[in-house]
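Enquirer: got a sequence here, can you model it:
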Amino acid sequence: MLRAVQLRHNPVHETPRHVLEPGRSGSRPRLMMPTSRVLLASGFQHLATGATLALLLAILPSCSREQTVKLDVSKTEGGRGAALMAKGVLQGDVEDGKACFWVEAEGGSTHSIVWPAGSQARIEPLRVVDRDGTEIAKIGDSNLVFGGSPLPDQPGCHAGSSTWLAGNGVQRGPLP
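Expert: Numbering: from 1, shown residues only. Model (predicted):
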């Protein structure tokens, strides 16, 4: 049986020298790395593997899905049969991770929109999509008609606005 013995570091090369001690007759000599070197190499390998995994986890979500933010949505499908005809463009912003969309109605009042159940807000550009990912509306859209009903007792997410429950969806088209 052979055993590896570590001698002093070689000052020129800064690598350890090893010596093989003879063992029993008939055994093959072999060189063994000191344990401290093996553990050091193993530690760097685990560190590199961990860093690679962390990088992949940071990149993959942005590749596979667009960023979404919170949005006011209806808890149920549908709504009453009223219509809100927007005379201006759809406006919106994101504050504290929540999107707020609003429009100015025909009479000059401002309404924050509560979107149909299953809707999501996505950014770049800020827009609303349905549960299938189809765009419903985006910032700057005009000539929008929101089916649904007003919620007069509920203040809107936009300062000074009331809330409109767009439970019946949104249509684009020329206003009458």
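
Enquirer: drop to CA atoms for contacts and neighbour counts, all remaining ones
Expert: OK.

Enquirer: show the backbone phi and psi for residue 115.
Expert: Phi and psi for residue 115, reported as degrees, to the nearest 10, are phi -80, psi 160.

Enquirer: how many neighbours does it have?
Expert: 29 (other CA atoms under 10 Å).

Enquirer: hang on, it packs against residue 70?
Expert: No: Residue 115 lies out of contact with residue 70 (CA atoms under 8 Å); the separation is 11.5 Å.

Enquirer: just checking, residue 160 touches residue 109?
Expert: No: applying CA under 8 Å, one finds residue 160 not in contact with residue 109, separated by 9.3 Å.

Enquirer: could you list the buried residues of the longest strand seen in the chain?
Expert: Taking DSSP state E as the criterion, the chain has its longest strand at strand 144-155. Across strand 144-155, burial judged by 16 or more other CA atoms under 10 Å covers 144, 145, 146, 147, 148, 149, 150.

Enquirer: who's in contact with the last one?
Expert: Under the criterion of CA atoms under 8 Å, 6 or more residues apart in numbering, the contact partners of residue 150 comprise 162, 163, 164, 165.

Enquirer: run the last query once more with 6 Å
Expert: With contacts defined as CA atoms under 6 Å, 6 or more residues apart in numbering, residue 150 is in contact with 164, 165.

Enquirer: per the record, what domains does the chain have?
Expert: 3-64, 68-172 (automatic domain parsing).

Enquirer: can you tell me what sits against stretch 126-145?
Expert: 84-86, 88-91, 118-121, 170-175.

Enquirer: quick revisit: which stretch in the domains of the chain is the model least sure about?
Expert: When these are ranked by mean pLDDT, domain 3-64 comes last with a mean of 51.

Enquirer: sweet, I'm off.
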